[in-house]
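S.K.: Coordinates for the following, if possible.
(4 chains)
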4 protein chains.
Amino acid sequence: MIFFKNDYGSGAHPKVLEALVSTNMENTVGYGMDEYTAQAADAIRAKVGCPDAAVYLTMAGTQTNLTVIGATLRPHEAVISAETGHVCVHEAGAIEATGHKVIHVPTEDGKLRPADIDKVMKQHCNAHWVRPKMIYISNLTETGLTYNKAELKALREKCDEHGLYVFMDGARLAMALTQKDNDLKFTDLPELCDVFYIGGTKCGVLFGEAIVIVNDSMKPDFNRIMKQKGAVLAKGRLLGVQFKAMFDGDLYLELGQHCNDLAQQLISAIAGNGYEFMWPPCSNMIFPIFPLSVVKKLDEAGVLYDDFEEVGDGKAAMRLCTSWSTTQEEVDEFIKLIEK
Amino acid sequence: MIFFKNDYGSGAHPKVLEALVSTNMENTVGYGMDEYTAQAADAIRAKVGCPDAAVYLTMAGTQTNLTVIGATLRPHEAVISAETGHVCVHEAGAIEATGHKVIHVPTEDGKLRPADIDKVMKQHCNAHWVRPKMIYISNLTETGLTYNKAELKALREKCDEHGLYVFMDGARLAMALTQKDNDLKFTDLPELCDVFYIGGTKCGVLFGEAIVIVNDSMKPDFNRIMKQKGAVLAKGRLLGVQFKAMFDGDLYLELGQHCNDLAQQLISAIAGNGYEFMWPPCSNMIFPIFPLSVVKKLDEAGVLYDDFEEVGDGKAAMRLCTSWSTTQEEVDEFIKLIEK
Amino acid sequence: MIFFKNDYGSGAHPKVLEALVSTNMENTVGYGMDEYTAQAADAIRAKVGCPDAAVYLTMAGTQTNLTVIGATLRPHEAVISAETGHVCVHEAGAIEATGHKVIHVPTEDGKLRPADIDKVMKQHCNAHWVRPKMIYISNLTETGLTYNKAELKALREKCDEHGLYVFMDGARLAMALTQKDNDLKFTDLPELCDVFYIGGTKCGVLFGEAIVIVNDSMKPDFNRIMKQKGAVLAKGRLLGVQFKAMFDGDLYLELGQHCNDLAQQLISAIAGNGYEFMWPPCSNMIFPIFPLSVVKKLDEAGVLYDDFEEVGDGKAAMRLCTSWSTTQEEVDEFIKLIEK
Amino acid sequence: MIFFKNDYGSGAHPKVLEALVSTNMENTVGYGMDEYTAQAADAIRAKVGCPDAAVYLTMAGTQTNLTVIGATLRPHEAVISAETGHVCVHEAGAIEATGHKVIHVPTEDGKLRPADIDKVMKQHCNAHWVRPKMIYISNLTETGLTYNKAELKALREKCDEHGLYVFMDGARLAMALTQKDNDLKFTDLPELCDVFYIGGTKCGVLFGEAIVIVNDSMKPDFNRIMKQKGAVLAKGRLLGVQFKAMFDGDLYLELGQHCNDLAQQLISAIAGNGYEFMWPPCSNMIFPIFPLSVVKKLDEAGVLYDDFEEVGDGKAAMRLCTSWSTTQEEVDEFIKLIEK
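M.R.: Numbers count the residues shown, from 1 in each chain, chains lettered A, B, ... in the order given. This is a model prediction of the structure:
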């Protein structure tokens, strides 16, 4: 079966699964107060080089976004996001349900830039408006692009100028950090972000995300707000066991590298066959544009599902994702299908 | 290790874990649209005898409570709960965070009764008050007691009289349905409740709860509200696989029976040694009162953790829980420790 | 003093003020249960020709919008508005604070059109998105334009097609209904809207708005939700007395006519002097574009305050409003100031 | 007409009304940015002796409570109130609608005491609970009692010990400060409270309350949150004009004194005739218990409305309020009616 529909179609990497299986019969205290969770948090703090970071493990991405944003903002404060951002579109109003406006910023490619922030701040100038107080950026973006170190530094400086927090959604951070042209490293994140999350669900664990809080002002009682939002797992150690397996060694980045490597083969083949992309392809998530004849062929091979959008001229765009479990065979088969 | 601290200390029953392992490398569509989730829902509908029920799988208990209540009530509507109810105390204000008041009702033993409802309705008589619109009951209650069929029928009738929904939190439903004196069955629930959830986390799965919506008016767009509350798992099939393993056969009730059987041995031994209980002991969750000398002994044996409360007269009350993974050896050892 | 800064700068029309003064020493029951409020509601029901409408009096506009929208929508439902709409920009996130997303629609002139609705509905196609459930339109719009009968009929039909409520913010309804080219009448509103409000604050009362609920499904317990949102005045009769004074006769529309008539003189003079407008000028709220030399002259005469925006080419746009208390003298003086 | 039903039955004191009438035709800037509002704020700051206080004028009591509490608390924080407190019962869940739990504390007489706070804090001991962060007290209480200086000092110290804010609802502050046995003064409030409001609606203005924020941490952006909650009046100067009339001289306390003086006559007569009270009568709001024969007599005289509650033994309790507009004649007539 060729599966490029998304990067959360399969379960957990065998090492992660094995860690869950081998600890299954242990009894531990609940709600993330266990040793595995403590060890996972330590491993993450070491990896990002921030001994004072507060680390919390949650179950899923939307839950994480609404908890971080809801916990941080005062009632009249708003978060700025590219209009393609996950919090703008695919969370069924989760952020607004915590009472906060998401300010949608149109962008050309899904990336927020300092000039966008200036424009928003200029508009929200008096007490009749919400006060923008945070930017939300995804790295990878929802368009499959990365923010590199210089871009994040520029955003950080702009945010400091306006008194804004920087929140990075790292649902696909493993792929962002291992993208071949990206110079960003784990250890850069603490000074570039006030808070970020290290995505697990799309990067090799069964389920779970790791929130890393750098800014001291966001730390007090964060766990109570997690509890309030339903984001605390009774058997919290399940998350600890998984993230410990990921971060005791280098598994996390290895899996991101795997995704990017296989995707790079797809990109070369697609471009080599003369097809274009909606956005510049660079990561494990790419958006090729195929003639409908190719789309039909892919559909018959079971690759397409329902995820394509006609873009005129007899063509359609689709999203392809490689994942930690994608095999060389799948890549080879796909390439055969699109060869002219 | 003797572990009676809670009933969510260990992982999943081996059959459930095996189902996760054996399906780990399959790729499925996300967000609960997969076949395993569909099959789990079918199995649950069959078990409760309600072909029209809407069944949704969520990750955790507080998440479930806030999603069900938040999805159902209009802004000014409130939920009535015994003041010992989980939504009153241990959810860090999760229900209020969705905008709704929880009306706390003092009770003698943690069980809500028809007369309590009358009293609340009489008080909330005009437009200056919230409108009570739902009762929340836990079965097992947080005091370890059960509601039987007649008690639930009386609550149902009282709620119908006042136009109230009945929501049953079944975090420990497996134990409630297999408690030796309880005549309540799965198939009774659809006519007694508008919505209930079948607890998984405390009853043998790794994590997860199954919401069963009987009342048609609560069904539209429930999944969008789940998404908004962060209660939709990307790899939704993880929940489907687990609940299918539980409900294709009788595993769910077998595990509840196991808990109750071992607890019954504890109860007999504790009572036989002349100790009393805070509430009548009947289920897998009991609250014995021991002299501090016994408490000390238990503490030294590693049984106590921090969960006891001095009640005067040189005595302390504690909560003991058996779980699906409790062994006969643990029970025997505990009994030895408390023998006079 | 020439005052065109806004249409809520002065107090109440003398007839309204007199009604307040003459009833000042009467004692009535509170919270809108008094006879004056009942009579005002009756007068409004008669004026709009909808005997079954529920009429509620509130204190202010943002309060009204958040109460109507918050009372009507389920948690995952969103309201569609032109991005210039009051709820999008000038309410400090009041709607989001009730938990609901406001979907901002870019428009050329501040008016929402059926094609805009189609586009939003197509985008919000699955359970990851909020469900659009209501349109919010202002009449007058924030750009000073009107919706006429045909335009509203087209919106109504489009909304019926998609199952959307129509909510009209009538903060300046008096001016919309008396705009010389507009064929819309009070009696048209009940079949065009599910709910609308008749603005008082900007139309001659001291303070207050009148909500008219046509759709039966929105009526139950609306007063409790008003109470919850802080929108019920203890001395509710103050609002009743004022709206009774407005609607026992034709004062409401007479004041709207007065605003429009004087504005028409401004429009003629401004256009006659060769100046342009940001949007087609037609109502009591117009947006002329003047050279900075004229702006300076107006500023020196005390007309400008801080409400102008440079638009390039040495010009600036400003908002001018006539109100029920604007005098012919003010208009004449202003015209003199801008004459070439 | 004898009117003791409540203290908000009539309009405004003539001096207040006259101020509104005489300024009616002036044009001022909106939203509380006008000179009258600035002058009223200055007068209030002078009266309470706190030059740094932030003063904001709002329209009504529930609105004020939800704005102050909603603006101050983080999502997981809760407010403690006597269970008879206005925020507990008569605001239709307004506080919970901002996302916060109100912790109801049973009391004997409607007054919160330091020991009550200790008890709440002890219970809310871990991250599963909301964090109590504020106490809400009414002065007068809803039972017609006062907090004196020593009582408030004890509460203040207890709150400091636990890191709690003190919020005083002064809906009837005029009466509390002029109650004959109360040593509390305006100038005591800034050091006893973090924030309080000076009630206008029940103390002689047409409508309006004045929030006084002492604690610096509560001041930033308070006006934006007011706007968001719908608590900013477009013609904000209406509130400024009224409070200026009240606080330029001593009108506010004079009217409170008037209420108390007349109430004292009622108290003497009722007690003198041998009747008892639900709570010790001391202020303008008293709760006598009459035989049903007296109730009938009062009802026939039009005094009773629907506000009485049978308390057994052939007796009923009712609430009586004097107001700024109560006359000596009303008092005399009432006393005649209850004389044996």
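S.K.: quick one, what contacts residue A:279?
M.R.: A:109, A:110, A:143, A:144, A:145, A:287 (Cβ atoms under 8 Å, 6 or more residues apart in numbering or on different chains). Glycine gets a C-beta too; all of them are placed from N, C-alpha and C.
S.K.: Now it. Its backbone dihedrals?
M.R.: phi -130, psi 160 (degrees, to the nearest 10).
S.K.: how much space is there between it and chain C?
M.R.: In this structure, residue A:279 and chain C are 19 Å apart, going by Cβ to the nearest Cβ, to the nearest Å.
S.K.: any idea how far chain B is from the residue nearest in space to the middle of chain A?
M.R.: For chain A, residue A:171 is the residue whose C-alpha lies nearest the centre (Cα atoms, centre = their mean; 1.9 Å). Using Cβ to the nearest Cβ, we find residue A:171 at a distance of 9 Å from chain B.
S.K.: where does that residue fall, phi/psi-wise?
M.R.: phi -50, psi -40.
S.K.: okay but it is in contact with residue A:202, surely?
M.R.: Yes: in this structure, residue A:171 is within contact of residue A:202 by Cβ atoms under 8 Å, at 5.5 Å.
S.K.: where along chain A do the helices fall?
M.R.: A:14-22, A:35-48, A:61-72, A:86-89, A:94-97, A:114-123, A:149-162, A:173-177, A:189-192, A:222-228, A:237-247, A:251-272, A:292-300, A:328-338 (DSSP state H).
S.K.: ok, now which ones touch the residue nearest to residue A:114 when sequence neighbours are not counted?
M.R.: Closest residue to residue A:114 apart from its sequence neighbours, by Cβ to Cβ, 6 or more residues apart in numbering or on different chains: residue A:158 at 3.9 Å. By Cβ under 8 Å, 6+ apart, the contact list for residue A:158 reads A:114, A:117, A:118, A:164.
S.K.: And for residue A:100?
M.R.: Contacts of residue A:100 (Cβ under 8 Å, 6+ apart): A:69, A:70, A:73, A:75, A:77, A:78, A:79, A:130, C:93, C:96.
S.K.: Neighbour count added to those, as JSON lines?
M.R.: Below are the contacts of residue A:100 laid out as JSON lines (neighbours: other Cβ atoms under 10 Å in any protein chain shown):
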{"residue": "A:69", "neighbour count": "26"}
{"residue": "A:70", "neighbour count": "22"}
{"residue": "A:73", "neighbour count": "23"}
{"residue": "A:75", "neighbour count": "26"}
{"residue": "A:77", "neighbour count": "22"}
{"residue": "A:78", "neighbour count": "24"}
{"residue": "A:79", "neighbour count": "26"}
{"residue": "A:130", "neighbour count": "26"}
{"residue": "C:93", "neighbour count": "26"}
{"residue": "C:96", "neighbour count": "27"}
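S.K.: what's the closest of these to residue A:225?
M.R.: residue A:70 (6.8 Å; Cβ to Cβ).
S.K.: wait, isn't the closest one in contact with residue A:102?
M.R.: No: look at residue A:70 against residue A:102 with Cβ under 8 Å: they stay out of range, at 12.0 Å.
S.K.: so what sits against both of those two?
M.R.: In contact with both residue A:70 and residue A:102: residue A:95, using Cβ under 8 Å, 6+ apart.
S.K.: neighbouring contacts of the lowest-mean-pLDDT helix or strand in chain A?
M.R.: Of all helical and strand segments in chain A, the minimum by mean pLDDT, DSSP states H and E falls on strand A:308-312, at a mean of 88. Contact partners of strand A:308-312, identified using Cβ under 8 Å, 6+ apart, comprise A:278, A:289, A:292, A:295, A:316, A:317, A:318.
S.K.: Show me which of those residues are buried.
M.R.: A:278, A:289, A:295, A:316, A:317, A:318 (16 or more other Cβ atoms under 10 Å in any protein chain shown).
S.K.: out of those residues, which are inside strands?
M.R.: A:289, A:316, A:317, A:318 (DSSP state E).
S.K.: residue contacts, the first one?
M.R.: It stands for residue A:289. Counting by Cβ under 8 Å, 6+ apart, residue A:289 has contacts A:275, A:276, A:277, A:278, A:311, A:315, A:316, A:317.
S.K.: quick one: least confident of those?
M.R.: Among the contacts of residue A:289, residue A:311 carries the weakest pLDDT, at 91.
S.K.: okay, now whatever residue of the stretch 201-340 of chain A ends up closest to chain D: neighbour count?
M.R.: Going by Cβ to the nearest Cβ, chain D is nearest to residue A:224 of the stretch 201-340 of chain A, at 4.2 Å. Per other Cβ atoms under 10 Å in any protein chain shown, the neighbour tally for residue A:224 reads 24.
S.K.: is it true that it touches residue B:92?
M.R.: Yes: if you go by Cβ under 8 Å, residue A:224 and residue B:92 touch, sitting 5.0 Å apart.
S.K.: shared neighbours, those two?
M.R.: Common neighbours of residue A:224 and residue B:92 (Cβ under 8 Å, 6+ apart) are D:76, D:127, D:129, D:130.
S.K.: Of the residues you listed, just say which sits nearest to residue A:134.
M.R.: Of these, the one sitting nearest to residue A:134 (Cβ to Cβ) turns out to be residue D:76, at 18.5 Å.
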